[in-house]
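Colleague: Need the 3D shape of this:
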Amino acid sequence: MHQFFATVAWQRDGQDFAGQRYSRGHAWQFDGGLTVPASSSPLSVPLPMSVAANIDPEEALVAATSSCHMLFFLSLAAQRGYVIDDYRDDAVGELGKNAAGRLAMTRIVLRPRIAFAGTPPSPEVLATLHHDAHERCYIANSLTADVVVEGVA
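Modeller: Coordinates of the predicted model:
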């Protein structure tokens, strides 16, 4: 078993907590030393109580899903002898009601655009690489949301 750690830190700074007039801005601190400014999404908690410039948990979940898929895809492509020069994914998460009627991330759509050096894989091999990456992705395996890879022939 492996463990992963993050520290989430928030302070009230004298704001009206009981009246819900406090900043949702906070920080995520990771074991490698990186601190990421975070907040609720302005779609969930209106400005100025949210910090629009900070990452929100919904964005982080979409990014983590995309990143996990990409990292496995890159490894699998390298194992098969393909060289990738550029990988870009404009991923989108959809928040909606789940089967229990609760708000949940119900779907994450990955839209990778990949530039290969040399001969790219056939559409069938590309689809297999994405399928295998999806099967191995720890994040996708942890979600109840549908994770879909679009644009794969």
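Colleague: going forward, measure contacts and count neighbours with C-alpha atoms only.
Modeller: OK.
Colleague: contacting residues around residue 111?
Modeller: 89-91, 149-151 (CA atoms under 8 Å, 6 or more residues apart in numbering).
Colleague: of those, closest to residue 113?
Modeller: Among the contacts of residue 111, residue 89 lies closest to residue 113 (CA to CA), at 6.1 Å.
Colleague: so who does that closest one touch?
Modeller: Counted by CA under 8 Å, 6+ apart, residue 89 has contacts 66, 110-113.
Colleague: nearest to residue 83, of the contacts of residue 111?
Modeller: residue 89 (17.3 Å).
Colleague: Looks to me like residue 60 is in a strand.
Modeller: No: Residue 60: not assigned to a strand; according to DSSP: H, G, I helix; E, B strand; the rest coil it is helix.
Colleague: Could you report the distance from it to residue 78?
Modeller: 27 Å (CA to CA, to the nearest Å).
Colleague: quick one on the thing from earlier: from the contacts of residue 89, which land in strands?
Modeller: 110, 112-113 (DSSP state E).
Colleague: Just give the number of residues close to the nearest residue to residue 39 once chain neighbours are set aside.
Modeller: Distances taken as CA to CA, 6 or more residues apart in numbering place residue 25 nearest to residue 39, at 4.3 Å, with adjacent residues excluded. Using other CA atoms under 10 Å, residue 25 has 23 neighbouring residues.
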